[in-house]
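> model this:
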Amino acid sequence: MSNNQNINNNNQKHFYNYENVIIKGNIGSDVYLKTKNRERIEFQVAVNKYDKKTNTATPKWFQVIAFGENLISTIKQNPQYKKGANVSIEGEIRADVYKDKVILKIIARKVSLNTKES
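Sure, this is the predicted structure:
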């Protein structure tokens, strides 16, 4: 595992973890295209974390960022990539740590829709 830690002028810490991660969850926000600086697709994915003691699930949220012409084209052309869709995401995880919260980001290399059999 390789970690880098940087602190910028906004007192924001970045921790990078270059390990490969795979998450399965539901898209929890609209999928949107951003074109500032570098074209990318961004959306939120919720993954349920189950507590066996209380038999409850708590969502863990990830911000997914997809770069690359093929990946962006695939997502843009398929109307099933929308809020509520069940997806698998493979990529690198990054945590942006602030004083009051942590934002988990997945820099996606692969995004796929899950069918009910998946």
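> would you list every one of the helices in this protein?
69-77 (DSSP state H).
> what residue ranges in it score low on pLDDT?
Across the chain, residues meeting the criterion (pLDDT under 70) sit at 1-18, 117-118.
> redo that, cut-off 50
1-9, 118 (pLDDT under 50).
> which strand residues bridge Asn48?
Pro59 (DSSP bridges).
> what sits against it?
25, 57-60 (Cβ atoms under 8 Å, 6 or more residues apart in numbering). Quick note: C-beta positions are derived from backbone N, CA and C, even for glycine.
> let's see 10 Å
24-26, 56-60 (Cβ atoms under 10 Å, 6 or more residues apart in numbering).
> what about it, distance to Asn86?
Applying Cβ to Cβ, to the nearest Å, the value for Asn48 to Asn86 is 11 Å.
> overlap in contacts, those two.
24-26.
> put the buried members of those residues into a PyMOL selection.
Provided next is the PyMOL selection string for whichever of those are buried by 16 or more other Cβ atoms under 10 Å:
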select buried, resi 25+26
